[in-house]
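# need coordinates for the below:
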Amino acid sequence: MFYIGPRNNTQTVDIKAGKIETVEEALELPFGPSDKYIHPSFQKVENDVHSCYTKISRETRVATEFNQFFHTCGDLMELFPLAFGSSSQHYRSMTVDYKKVEHWVSTSRMGFISGSDGKLTKWKTDFTIEYKSPKDAEKGDKKPESGEWSLRVYALDDGLGEFDQSVLAETDKLYKLLLEKFGDGKDYPCSN
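Numbering: from 1, shown residues only. Got it, this is the predicted structure:
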């Protein structure tokens, strides 16, 4: 649930798989949303770069009503009908166990970087911070539970073409500089 930022008073339900070997394998995962939720949804396959490893991941994110809770797997099947496979009837009445409801504050910026050949590459950066309670998220005066900074670089031609290698090299340099300056020493430099 998001309390401040561009996604204020929104909620998403995500389905994600990481550590996938190939993009083709990621595209074959049955993560598409139902027809009812196709328009308030977002799907992506990404090469997810972290300080000491990279992985291919597939995610679908569906926007739902704020403070909407899902009580059974059948409720979740309304969002992602193919994800439960052929045994979906077996899971339909199983209750959803909420281990943790997360409360987030998010801000993002987008722009374009000019590559060595003058072509423009779209980029987006997000700061996403988790708080213990809605009140803490709204006020922002308590220590966060966790946070993440991400920098997304898109392929040329609206994300459908090749990546501009000069832009990837520049953003990789920036990423390493930021890790050196602001990293906590646990994840970077890498131990392996």
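
# count the residues that sit near the spatially closest residue to residue 98 that is not a sequence neighbour.
Among residues not flanking residue 98 along the chain, residue 69 sits closest, at 7.6 Å (CB to CB, 6 or more residues apart in numbering). Just so you know, the C-beta spots here come from the backbone N, C-alpha and C atoms, and that holds for glycine as well. The tally of other residues near residue 69 (other CB atoms under 10 Å) stands at 11.

# would you check how far apart the residue nearest to residue 65 when sequence neighbours are not counted and residue 24 are?
Nearest residue to residue 65, sequence neighbours excluded (CB to CB, 6+ apart): residue 11, at 6.9 Å. As defined by CB to CB, to the nearest Å, residue 11 lies at a distance of 32 Å from residue 24.

# more neighbours, those two?
residue 11 (17 against 10).

# state the helix or strand in which the more buried one lies.
Assigned by DSSP states H and E, residue 11 belongs to strand 11-20.

# how far off centre is stretch 112-132?
With CA atoms, centre = their mean, to the nearest Å as the basis, stretch 112-132 stands 14 Å off its chain's centre.

# over to stretch 99-107?
13 Å.

# how would you label residue 30: helix, strand or coil?
Using DSSP: H, G, I helix; E, B strand; the rest coil, the structure places residue 30 in coil.

# measure it to residue 55 for me?
20 Å.

# for residue 105, same thing?
If you measure residue 105 against residue 55 using CB to CB, the figure is 26 Å.

# kindly report the same for residue 107.
25 Å.

# now residue 81
From residue 81 to residue 55 the distance is 26 Å (CB to CB).

# ok, for residue 96, nearest residue in space, not its chain neighbours?
Among residues not flanking residue 96 along the chain, residue 70 sits closest, at 5.3 Å (CB to CB, 6+ apart).
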